[in-house]
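Engineer: My questions are about this predicted structure, shown below with the sequence.
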Protein chains: 2
Amino acid sequence: MATKQIGSLVWKHAAPIQIFGANTGVGKTVATTLLLKCGLLGRPHYIKPVSTGDAADEDSLHIRKFVPSVNYKTLVSFDIPVSPHLAARHSKIETPYTDNSILTALHDELVKLAALATPKSPIHPLVECAGGVLSPGPSGTLQADLYRPLRLPVLLVADHRLGGIGATISAWESLHLRGYDVVGLIVFQEQVFENYKYFRTYFKTRDVPVYVIPRTPPPTNSDKALDLFSMQRYYEQVVQHGGLLDFTRSLSKKLLARSDRIEHLADRTESNIWHPFLQHTERSRDSILVIDSAYGDYFQSPAPANTRIKTMSTLVPTFDGSASWWTQGLGHGNPDLALAAAHAAGRYGHVMFANASHEPAVELAERLIKGSGPGTKANKVFYTDNGSTGMEVAVKMALKAAARRYGWQPSDDIMVLGLKGSYHGDTIGVMDCSEGNVYNAKVEWYKGRGFWFDFPKVKMSQGKWKVIPPAGLDDVFGDVQEFDTLDDVFDRAKRTEAAEVYRGIIDQILKHLVSQGNKFGALIMEPVILGAGGMLFADPLFQHELWQATQRLDQGPVVQIDAERDGKLDWSGMPVVADEVFTGLYRLGHRSSSHLIGMSPDIVVYAKLLTGGLLPLAATVASKSIFNAFLSKDKADALLHGHSYTAHAMGCSVANKSLRTFGHLERSRWRVFQKRYRGHGTLDEIEETVPHLWSMWSPRFVSELSYRHDVEGVFAVGSVLAIEMKDAEGAGYTSTASIGLRDKLLLGHSNINQNVHCRVLGNVLYFMASLTTEVGTLMAVQCQITTALNGK
Amino acid sequence: MATKQIGSLVWKHAAPIQIFGANTGVGKTVATTLLLKCGLLGRPHYIKPVSTGDAADEDSLHIRKFVPSVNYKTLVSFDIPVSPHLAARHSKIETPYTDNSILTALHDELVKLAALATPKSPIHPLVECAGGVLSPGPSGTLQADLYRPLRLPVLLVADHRLGGIGATISAWESLHLRGYDVVGLIVFQEQVFENYKYFRTYFKTRDVPVYVIPRTPPPTNSDKALDLFSMQRYYEQVVQHGGLLDFTRSLSKKLLARSDRIEHLADRTESNIWHPFLQHTERSRDSILVIDSAYGDYFQSPAPANTRIKTMSTLVPTFDGSASWWTQGLGHGNPDLALAAAHAAGRYGHVMFANASHEPAVELAERLIKGSGPGTKANKVFYTDNGSTGMEVAVKMALKAAARRYGWQPSDDIMVLGLKGSYHGDTIGVMDCSEGNVYNAKVEWYKGRGFWFDFPKVKMSQGKWKVIPPAGLDDVFGDVQEFDTLDDVFDRAKRTEAAEVYRGIIDQILKHLVSQGNKFGALIMEPVILGAGGMLFADPLFQHELWQATQRLDQGPVVQIDAERDGKLDWSGMPVVADEVFTGLYRLGHRSSSHLIGMSPDIVVYAKLLTGGLLPLAATVASKSIFNAFLSKDKADALLHGHSYTAHAMGCSVANKSLRTFGHLERSRWRVFQKRYRGHGTLDEIEETVPHLWSMWSPRFVSELSYRHDVEGVFAVGSVLAIEMKDAEGAGYTSTASIGLRDKLLLGHSNINQNVHCRVLGNVLYFMASLTTEVGTLMAVQCQITTALNGK
């Protein structure tokens, strides 16, 4: 079921503040009472999302007594005075509170309050949390994790007691690394330990204003009337004192400015930023997607002018429908990845990798090599920073290995083989590996150095999987091939006839090319799907046969430069480079996309998902034969390539954590999708030699799309969904079809309270989930896609 | 004065354990007593680095009573029972305890104890810290920061009380992000709040074993003998119980395996890693620098076999003398940068930048543009991942701008101008911007596309700064020019004659090149120093004149494609690209190295120091004119370049923090170096129009080097020191001179307890400090350099 999405809330005239204590018993209630009393934060609104025990009642009484005008609200309460996770377990509640139910209740309450604010009477509802920053909530989730989707600005009430310095700074660090903005620290002026003095200095350089509260009068504990009187005097005196007013005034000003600051960011972007892949005459402040924060599958972004979302918040939750340019794997703001990164930053910072080594880099290399599965050629890992540089390295490796085998000189005009529509990155060297197209044709120094095969494409249409021959070549390739399941398309044993046809075509072309004197140093392919080329789903059988054909290719005699070394070559014809930057590491539901097409690459390149979607890092994994091609007594024969941050410890550590997590997901969470995809039977059937295809997108939804009159074809594999729209104007990257759909999706849906952001490649509208996206989230997105297609 | 370096300590048969409490009062002493008593951790050694108040005495009595055989040592003690930073302030001590004095005392004590360990009797000295993880030490430094250089494995005693879950997890996070290995958690089995149950689940997935201790018997508080007896019974029972033995056995095993694991890392590297820029026939397990951790200016690395360092520790502190491939700016493991990174990871993870935007990226762009100083052309920032891709973008920008101005077609053979020996990165496109050399000559697809000027070089020799004409060209360039100060070399007003000579030479060559039909799309230069080319210090006057000459160059009529746009061009001749990847952002002591040579670049590229030395990120900063050259109604005219992690939030956030810190250092810490460099006068004199050169390396030391018979020349600018050795075999990248020196430095120095790691470029031995390196540290390194030069 599609669940309502909870996002970050920011209004022009209402800015809630979340109060966290550095520990229990630090005086949160007194601090909160002061803030409510001082008047500068608007009419006093107070929300306690979760309260436990009598103490909660006492707090409530205290606040109501000293701030009689307070609008006081408790959302969830338990009688037992223990941590909410224990209280919840031991209470007799029929429907247990989930994180989402608490979050939704708080969200809705804040939306309701915000409607009361006006330009002249802004308000700052205070949300006071139980216990300390990382105390567990009712479900056991740590509070600071539970409330993260709202990302409310935080006031931290420090611990003024012995040990309180450390406790407070640790609490601040825990908030900080979860992406919270800690907008102020409040601390009692305790005169023995003087923690407040330490905080003033410590937090000054960390941009956290510190407000020091005088201590409360000691209670008599016998004369209640006197105690009440002295507390009343206390509050009055503190409120009248300039310090509190200054603190709250500047706090309120800062918080109310947040909306404007977010909105202003588009202008600042327009003035200072040169965007990637954009014709800037098409850019305007309104076309820029400002992202204030991101969590899970969602950006928190300013609502478009005609939004359908009713919270009136400056920010709305926006589904990250391109998985942030295909990088996202474990959700935005993932706290485990953030901690893995922080640990590496603390342990190493960055350390040079030139002839040096560190544990995270070695562990990752081992993981990549071992994870390549049985029969792999993977033997050595070379690190760079992104897919493009990873591919530059792969090309250098392959060309050198081929050149050494055949005795070619660097000055020879060596070419590559590939598929039409391929794209491998933006640096000049790998641009040259693609045929001239809209990305590269106008780039000075670009020179296509290869031959690119036209190939049959896979798509679903009218509920059937079809393999469609290249336009105008059906006389050579034969008719459209139809299949009931995607598994059948990938099952080479069932397609021996087509294989023979492909072999004939490919061998003939290659023979002709070589006979004309061309030298080929590499076959370079994205297995299964050509991403940037337009989400082209290649017939896996054709890719397999092309690889086989290159291995059979006779490119002249082998020059034995070094008998021992070259005798061990495990490739013939030419090395194959698998560009798995987009297709690898489970983007298509499987660890290796080469394996899906039955290919054993000599070189594989990984990036994007390698770090789970957090940091730039690429790995070029090569076979022993390829590695050996660079060995000699001469330094100049080595692969003289390397970037300053090669194998940076943070990237490698996060990658290790990500790969471990992917492995865990494969054995657990994805089973739900796999079961649904198969429709019947148990998952035990899935353990077999031919890898089974599956998708996170609903098969029924995909099938329904395939019947639409406005859809040319559709496919879903792993976390990818691609919808090819019928386009009267003709296809291509410059096409403007699908853009209307994309814009509709960005207007959002009021019931599920979310926008959908997606990217368009010509007439293809594609969607990409994270590898942790839930079924419910995708159902909501699917529902919005259908609505948009229906023109609403 | 050179201070003794304190490094990480790991022995084969001794492994100290640091005990931290999640807060005060969590039962550290009982936990420690149990560990000491159980016997599995070897003969009981206990160190309290800092103790305060009577409680300390009580702890001491307690431990001595129940572990009579303990070797108990307190290093620093105060009477007052408050946090050490207060106790220190209020105690009457003649010599105040510094972080270094405490660290040294602890280090020396541990070294002494380790000598007692044998293969049959390994030991685990316990180091118990005061208060909580982040409680301040005597100087006010947070304890977890104070002890970081030792990076001892940590046992964390959890808080079992109400609020203790949050307090403990926060404390763990604070340790984790400082790079500590938390090897276990100990917690009391409190039965109301049951924190221990929560910890068992929470820390299972975080690889932290949890040991649950039974609660201590409640004291009678009246019958001391009975209390003593019941505690005795308690300890005996817990020690006999299998749980503690299992826990300590596996802990001890793990810790003692650490040495082997570190040593084994070289083999694992050899098996799995393809190193950058290395001929692997020269690699062996002994040649690989394994880095276990890094802090400040130091790697912690296995000692070479013939080390001069006497601690017998597997690890020795090794000065990172190449600033980790020129990246390091604010010290390894810098906690502020780690936190800035973690905050961005928590707030965003990575979010796509295609037509999107976020605050850290925009703030950084503004900072880079504004920081470029008055008269700059900087207007738009394009982000990529490393210097090479940043330069690819710069070249694409420049060539397109030139092509549009002159109406050249992409297929035209457009060239670049530069200096001989230049190097701009490893991707094919920017390799083509350099003349054929050892890095690129054997690379398939490399094709030098330009003309490269030979140029006069600057070095100090015999105490004088000299500008030396290119070999064999002194008839054209004239004699060697001599100067007293480096400022004089950079003072163009004083060098009008030389300028005229340079102008004549350059104009003549350019005229000739153009008359032959060559088209030049860019001048590409590293201002001041050509780094990878061999630390070539170019005459700044020559670079300035070359730039001026390119602006005067007539390359044919200007094609007015778009009058409004092209009318505003602020460059003539050709755009200039300043490659400040190495030379910019204060590496040479100044924000802009272009400014040092009096050049206003149209495009500037930053990387390396941009993130303070933590993460890959590059910025290509372009002028408005360059940006405008890509504007049209056609998408294909845009700069169609972009990487998946373009402008990743972590990189941008860390860069913002780093640039702020550099600015602060410029106004504070570097004044010491600047004053020393000037030798006399006040720093007020330094505020003037011609930027003054300065260096972190001692001017007297540099001058002394320049008089050596084995030194050809030397220079120091900013944090860079380069020593050109006289080399009978001839220069070049393949030279092996200086390698002997490098290897000597790696053997270390026993008095100052450190190795020096540096890199060699042919016959040039260079050293690069971080921008936060202290005078004392550099004195130690200088001392070691002199010793090595003297053959010791």
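Structural biologist: In hand now; what should we look at? If you're wondering where the values come from, they're calculated on a predicted model, not measured in any experiment.

Engineer: For the stretch 501-650 of chain A, which residue gets nearest to chain B?
Structural biologist: Per C-beta to the nearest C-beta, residue A:642 is where the stretch 501-650 of chain A lies closest to chain B, at 2.4 Å. Where C-beta positions appear, they are placed from N, C-alpha and C, glycine not excepted.

Engineer: is it fair to say that residue lies in a strand?
Structural biologist: No: counting by DSSP: H, G, I helix; E, B strand; the rest coil, residue A:642 is not part of a strand but coil.

Engineer: Okay, it and residue A:621: tell me how far apart.
Structural biologist: 16 Å (C-beta to C-beta, to the nearest Å).

Engineer: repeat for residue A:83
Structural biologist: Distance of residue A:83 to residue A:621, computed by C-beta to C-beta: 47 Å.

Engineer: And residue A:571, by the same measure?
Structural biologist: Distance, residue A:571 to residue A:621, by C-beta to C-beta: 15 Å.

Engineer: Which of the two has more residues huddled nearby?
Structural biologist: Neighbours were counted for residue A:571 and for residue A:621 using other C-beta atoms under 10 Å in any protein chain shown; residue A:621 has more, 29 against 21.

Engineer: is the more buried one in a bridge, and if so with what?
Structural biologist: Here residue A:621 sits in beta bridges with residue A:381, residue A:604, going by DSSP bridges.

Engineer: and residue A:370, how many residues sit next to it?
Structural biologist: When neighbours are counted by other C-beta under 10 Å, residue A:370 registers 11.

Engineer: Just the pLDDT for it.
Structural biologist: Looking at residue A:370, its pLDDT reads 94.

Engineer: again, but for residue A:230
Structural biologist: Looking at residue A:230, its pLDDT reads 94.

Engineer: what do you get for residue A:561?
Structural biologist: Looking at residue A:561, its pLDDT reads 63.

Engineer: Which helix or strand in chain A has the lowest average pLDDT?
Structural biologist: Ranked by mean pLDDT, DSSP states H and E, the helix or strand of chain A with the weakest confidence is helix A:563-566, at a mean of 56.

Engineer: Please enumerate residues in contact with stretch A:69-77?
Structural biologist: Outside stretch A:69-77, the residues within contact range by C-beta atoms under 8 Å, 6 or more residues apart in numbering or on different chains are A:36, A:43-52, A:56, A:60, A:63-64, A:84, A:97, A:102, A:105-106, A:109, A:113, A:138.

Engineer: Narrow those to just the buried residues.
Structural biologist: The neighbour-count test (16 or more other C-beta atoms under 10 Å in any protein chain shown) applied to the contacts of stretch A:69-77 identifies A:36, A:43-52, A:56, A:60, A:63, A:84, A:97, A:102, A:105-106, A:109, A:113, A:138 as buried.

Engineer: Report the contact partners of the closest residue to residue A:81 other than its chain neighbours.
Structural biologist: Counting by C-beta to C-beta, 6 or more residues apart in numbering or on different chains, residue A:81 lies nearest to residue A:53, which is 2.5 Å off, once chain neighbours are set aside. Taking C-beta under 8 Å, 6+ apart, we find residue A:53 in contact with A:78-82, A:87.

Engineer: Just send those residues back as JSON lines, with pLDDT too.
Structural biologist: Below are these laid out as JSON lines (pLDDT from 0 to 100):
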{"residue": "A:78", "pLDDT": "87"}
{"residue": "A:79", "pLDDT": "83"}
{"residue": "A:80", "pLDDT": "83"}
{"residue": "A:81", "pLDDT": "81"}
{"residue": "A:82", "pLDDT": "81"}
{"residue": "A:87", "pLDDT": "86"}
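
Engineer: Quick one: buried ones out of these?
Structural biologist: Using 16+ other C-beta under 10 Å as the threshold, A:78, A:82, A:87 are the buried ones among the contacts of residue A:53.

Engineer: how much space between residue A:323 and residue A:331?
Structural biologist: To residue A:331, residue A:323 is 10 Å away according to C-beta to C-beta.

Engineer: tell me the contacts of the residue of the stretch 501-650 of chain A closest to chain B?
Structural biologist: Neighbouring residues of residue A:642 by C-beta under 8 Å, 6+ apart: A:353-354, B:275-277, B:426.

Engineer: can you redo the residues you listed as TSV with pLDDT, secondary structure and distance to residue A:507?
Structural biologist: Shown next, in TSV, are the contacts of residue A:642 (pLDDT from 0 to 100; DSSP: H, G, I helix; E, B strand; the rest coil; distance: C-beta to C-beta, whole Å):
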residue	pLDDT	secondary structure	distance to residue A:507
A:353	97	coil	43
A:354	95	coil	45
B:275	98	coil	39
B:276	97	coil	39
B:277	94	coil	40
B:426	95	coil	37
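
Engineer: which of the residues in the strand or helix carrying residue A:675 are buried?
Structural biologist: Assessed by DSSP states H and E, residue A:675 sits inside helix A:670-678. For helix A:670-678, burial by neighbour count (16+ other C-beta under 10 Å) applies to A:670, A:673-674, A:677-678.

Engineer: Equivalent analysis for stretch A:261-277, please.
Structural biologist: When burial is assessed from 16+ other C-beta under 10 Å, stretch A:261-277 yields the following buried residues: A:262, A:265-266, A:268-270, A:272-277.

Engineer: Off-centre distance for it?
Structural biologist: How far stretch A:261-277 lies from its chain's middle: 21 Å, per C-alpha atoms, centre = their mean, to the nearest Å.

Engineer: how about it as CSV, C-alpha atoms only?
Structural biologist: Presented in CSV, the C-alpha positions along stretch A:261-277 are these (Å, rounded to 0.1, in the frame of the first residue of the first chain):
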residue,chain,number,x,y,z
ARG,A,261,17.6,31.2,2.0
ILE,A,262,16.3,28.0,0.4
GLU,A,263,14.5,29.9,-2.3
HIS,A,264,17.5,32.2,-2.9
LEU,A,265,19.7,29.2,-3.6
ALA,A,266,18.4,28.9,-7.2
ASP,A,267,19.6,32.5,-7.9
ARG,A,268,22.9,31.8,-6.3
THR,A,269,23.2,28.7,-8.4
GLU,A,270,22.3,30.6,-11.6
SER,A,271,25.1,33.1,-10.8
ASN,A,272,27.9,30.8,-9.8
ILE,A,273,27.4,27.3,-11.2
TRP,A,274,28.2,25.8,-14.5
HIS,A,275,26.0,22.7,-14.6
PRO,A,276,27.1,19.4,-16.2
PHE,A,277,25.4,18.4,-19.4
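
Engineer: Tell me how many other residues surround residue A:228.
Structural biologist: Close neighbours of residue A:228, defined as other C-beta under 10 Å, add up to 13.

Engineer: From chain B, how far off is it?
Structural biologist: Counting by C-beta to the nearest C-beta, to the nearest Å, the separation of residue A:228 from chain B is 27 Å.

Engineer: what about residue A:409, neighbour count?
Structural biologist: Residues within reach of residue A:409, counting by other C-beta under 10 Å, total 9.

Engineer: Distance-wise, check it relative to chain B.
Structural biologist: Following C-beta to the nearest C-beta, the distance that separates residue A:409 from chain B is 9 Å.

Engineer: Equivalent analysis for residue A:756, please.
Structural biologist: 14 Å.

Engineer: Assumed that residue was part of a strand.
Structural biologist: Yes: using three-state DSSP, the assignment for residue A:756 is a strand.

Engineer: Show me the beta-bridge partners of it.
Structural biologist: Using DSSP bridges, the bridge partners assigned to residue A:756 are residue A:319.
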